[in-house]
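Undergrad: build me a model:
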Amino acid sequence: MASKRSSFKIILGSSSVARRRILAEMGYEFTIVTADIDEKGIRKETPEELVMALAEAKADAILSKLQIKDYLAEDLPPTLLITADTVVEYKGTIREKPSSEEEAREFVKGYSGSHGGVVGSVLVTNLKTGTRKGGWERAEVYFYDIPDEVIDNMIEEGISLNVAGGLMLEHPLTLPFVESVVGSTDCVMGLPKALTESLIQEAL
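TA: Here you go, the predicted structure:
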């Protein structure tokens, strides 16, 4: 696919398959550099503050790995680094990636016949100018009752262990039990399209 914009380059600071797919669907070509941070070491009072702090920490970690001088030359197009984070808020509690199968099972059982709020952040850093623009979006996911055997299959497949709140909306095991999404599904999947596009333009 041809790049949507030839006037700048993009680095996606995430190993998430869903984020890669969403950014590609938006028409962008990009390279990937991942951040190695201790997410559990960063704590905030609200999910909105937490996802912004984590996106900023990821960006800082990636910047420390890059040779920034390589991006500063006048004759080079700007390079934008995109980092993001997602958490689930359930009954006032912030849920990140489950730390065990037991916790994953507890998370998914809680959503059965209920709902969870997904808060996702996006941070765009212009490596040439240092400009940094960020924001967050929220969506609410409502579920039908999820049978125990389906939850068992989710846990056995490990699909709940690598995503915020154990919630992978797009998985075939999950999708039939989603009653509705209030907000954007791409927010739930990890990269809100409209917010990302807006921040890219602001950061240029």
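
Undergrad: the longest helix in the protein is where?
TA: Longest helix in the chain by number of residues, with DSSP state H as the criterion: helix 47-65.

Undergrad: in its sheet, what does the following helix or strand past that helix sit against?
TA: Next in sequence after helix 47-65, counting helices and strands by DSSP states H and E, comes strand 79-90. Sheet pairing for strand 79-90, assigned by DSSP bridges, gives strand 9-12 (parallel), strand 93-95 (antiparallel), strand 115-126 (antiparallel).

Undergrad: point out the most buried one among those.
TA: strand 115-126 (a mean of 25; mean count of other Cβ atoms under 10 Å). Just so you know, the C-beta spots here come from the backbone N, C-alpha and C atoms, and that holds for glycine as well.

Undergrad: tilt between that strand and helix 47-65?
TA: Using axes from the mean of the first three to the mean of the last three Cα atoms, to 10 degrees, the interaxial angle of strand 115-126 with respect to helix 47-65 works out to 30 degrees.

Undergrad: distance from strand 115-126 to the middle of the chain?
TA: Chain-centre distance of strand 115-126: 6 Å, with Cα atoms, centre = their mean, to the nearest Å.

Undergrad: that strand - what's its average pLDDT?
TA: Average pLDDT, strand 115-126: 97.

Undergrad: distance between the longest helix of the chain and the chain's centre?
TA: Remark: helix 47-65 is offset 11 Å from the chain centroid, using Cα atoms, centre = their mean.

Undergrad: so for that helix, mean pLDDT?
TA: Helix 47-65 shows a mean pLDDT of 96.

Undergrad: can I get it in CSV, CA atoms only?
TA: C-alpha atoms of helix 47-65 as CSV (Å, rounded to 0.1, in the frame of the first residue of the first chain):
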residue,chain,number,x,y,z
PRO,A,47,-7.5,5.6,34.2
GLU,A,48,-7.2,8.7,32.0
GLU,A,49,-4.1,9.9,33.9
LEU,A,50,-2.6,6.4,33.8
VAL,A,51,-2.9,5.7,30.0
MET,A,52,-1.4,9.2,29.3
ALA,A,53,1.5,8.6,31.7
LEU,A,54,2.1,5.1,30.2
ALA,A,55,2.1,6.5,26.6
GLU,A,56,4.6,9.2,27.6
ALA,A,57,6.8,6.6,29.4
LYS,A,58,6.8,4.4,26.3
ALA,A,59,7.7,7.4,24.1
ASP,A,60,10.5,8.4,26.5
ALA,A,61,11.9,4.8,26.5
ILE,A,62,11.9,4.6,22.7
LEU,A,63,13.5,8.1,22.4
SER,A,64,16.3,6.9,24.6
LYS,A,65,17.0,4.0,22.2
